[in-house]
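Undergrad: Here you go, sequence then predicted model.
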Amino acid sequence: GEGLGNKFLGNIRNTNAIIHVLRCFDNGNITHVDGTIDPVRDKGIIDTELQLKDLETVENRLGKIQKQAAVGGDKNAKRQVELLQQYKSVLEQGKSARTVELDKEDRKLLADLSLLTDKPVLYVCNVDEASAAAGNAYTEAVRAAIAEEKAEMLVIAAATEADIAELEEYEERLMFLEEIGLKESGVARLIKSAYRLLDLETFFTTGADETRAWTYSKGMKAPQTAGVIHTDFEKGFIRAEVIKYDDYVNLGSEKACRDAGKIGIEGKEYVVQDGDIMHFLFNV
């Protein structure tokens with residue numbers, strides 16, 4: 001009920017996933033609105049606000065759909081009532097809607113509900129530099145609190161990440177990371193986690209001038225991924241030449257891959273794999 005209020009809830013409703021950043025460090029120079037550091041409490045405040053809004057949404061829908069189910073004997077309406085009651089029960093217990101496990105068909109029935117606590121969530125614990133590698137008591141408390149939530153958690157030292165970002169040389173960044181016991185930056189880990197959360201992967205196109213990365217939904221077939229570049233590529237799709245990422249990195253160029261017979265010719269049913277280097281042939 002503070003800050004942006006309903007506008008804040010509206011903004012969240014328009015997202016595909018939620019990244020919830022929690023303060024997990026002590027620093028007397030940086031005040032906390034509630035006076036003490038308690039990430040589990042902070043998480044709970046936001047959760048409660050989102051759950052109450054979802055409960056309101058569910059109850060409103062139940063009021064409408066129960067009449068339909070009673071009057072017309074509509075099977076879909078009856079099933080929706082059952083599902084909505086499941087959500088209502090969970091939300092009334094102070095749990096998030098994502099803890100309710102539904103199959104694909106049931107999800108379709110309530111797809112337009114857009115429950116805030118049904119969105120996939122990633123908790124990012126913001127720690128001090130000393131806790132960047134192993135976490136601390138605060139992060140362990142968060143881990144325990146989200147155990148039943150089907151949610152991922154990351155430990156990141158945001159202030160340290162800011163320092164790393166200022167280093168121009170890649171080697172310098174690696175050295176900095178090694179000194180604090182990390183293999184890769186928090187930003188890189190956050191990007192990978194966000195892609196997993198959204199079920200996204202990457203394919204590449206490469207030529208003499210540039211190499212580009214393209215984002216697509218996991219499980220897409222070759223014509224659909226071609227459409228990510230341009231709709232004409234999908235409409236007129238003929239076939240795709242595919243080089244596996246590891247082959248390209250090991251051999252160093254498209255020519256070397258071609259000479260080694262490492263270019264696959266794939267048709268419309270090919271399911272694109274993360275890291276594929278693609279060359280599309282099309283005709284419109």
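TA: Okay, I see it. The shown structure was predicted, so the numbers you read here are calculated from the model rather than taken from an experiment.

Undergrad: Determine the number of other residues adjacent to the residue nearest to Y270 when sequence neighbours are not counted.
TA: Setting aside the residues directly before and after it, Y270 is nearest to A222 in space (Cβ to Cβ, 6 or more residues apart in numbering), at 4.4 Å. Just so you know, the C-beta spots here come from the backbone N, C-alpha and C atoms, and that holds for glycine as well. Taking other Cβ atoms under 10 Å as the criterion, the count of residues near A222 is 24.

Undergrad: same deal with the one 5 residues further on?
TA: By other Cβ under 10 Å, the residues close to G227 number 17.

Undergrad: Contacts only, for it.
TA: Counting by Cβ atoms under 8 Å, 6 or more residues apart in numbering, G227 touches 233-235.

Undergrad: what kind of secondary structure is E184 in?
TA: When the structure is reduced to helix, strand and coil (DSSP: H, G, I helix; E, B strand; the rest coil), E184 reads as coil.

Undergrad: Can you list the neighbours in contact with stretch 152-159?
TA: Stretch 152-159 is touched from outside by 24, 121-129, 131-132, 135, 139, 142-143, 146, 180, 186, 189-190, 193, 196-197, with contacts defined as Cβ under 8 Å, 6+ apart.

Undergrad: Let's see that with 6 Å instead.
TA: The set of residues that contact stretch 152-159 without belonging to it, under Cβ atoms under 6 Å, 6 or more residues apart in numbering, is 122-127, 129, 132, 135, 139, 143, 186, 189, 193.

Undergrad: Equivalent analysis for stretch 181-199, please.
TA: Taking Cβ under 6 Å, 6+ apart as the criterion, the residues outside stretch 181-199 that touch it are 16-17, 120, 122, 133, 152, 154, 156, 161, 164, 218.

Undergrad: same thing with stretch 56-73?
TA: The contact list for stretch 56-73, computed with Cβ under 6 Å, 6+ apart, reads 74, 77-78, 80-81, 84, 87-88.

Undergrad: Output the residues you listed in a markdown table; the columns should cover secondary structure.
TA: Compiled in a markdown table, those are given as follows (three-state DSSP):
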| residue | secondary structure |
| --- | --- |
| D74 | coil |
| A77 | helix |
| K78 | helix |
| Q80 | helix |
| V81 | helix |
| L84 | helix |
| Y87 | helix |
| K88 | helix |
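
Undergrad: Just the buried residues of those.
TA: Burial of the contacts of stretch 56-73 was assessed by neighbour count (16 or more other Cβ atoms under 10 Å); the buried members are 77-78, 80-81, 84, 87-88.

Undergrad: and the most centrally placed residue in the chain, what pLDDT?
TA: When the chain is reduced to its mean C-alpha position, the nearest residue by Cα atoms, centre = their mean turns out to be L197, at 2.8 Å. The predicted local confidence for L197 comes out at a pLDDT of 92.

Undergrad: can you check A165 too?
TA: Each residue has a pLDDT score; the one for A165 is 85.

Undergrad: Ok, the one 4 residues further on next?
TA: Note for E169: predicted pLDDT of 89.

Undergrad: I'd like the distance between it and L190.
TA: Plainly put, E169 is 22 Å away from L190 if you go by Cβ to Cβ, to the nearest Å.

Undergrad: of the two, who's got more company?
TA: Set side by side, E169 and L190 show more neighbours around L190, with 16 against 8, by other Cβ under 10 Å.

Undergrad: Which positions in the helix or strand that one falls within come out as buried?
TA: With secondary structure defined by DSSP states H and E, L190 is part of helix 186-198. Along helix 186-198, the positions that meet the burial threshold by neighbour count (16+ other Cβ under 10 Å) are 186, 189-190, 193-194, 197.

Undergrad: same check, this time on stretch 56-67
TA: Result for stretch 56-67 [16+ other Cβ under 10 Å]: buried residues 57-58, 61-62, 65-66.
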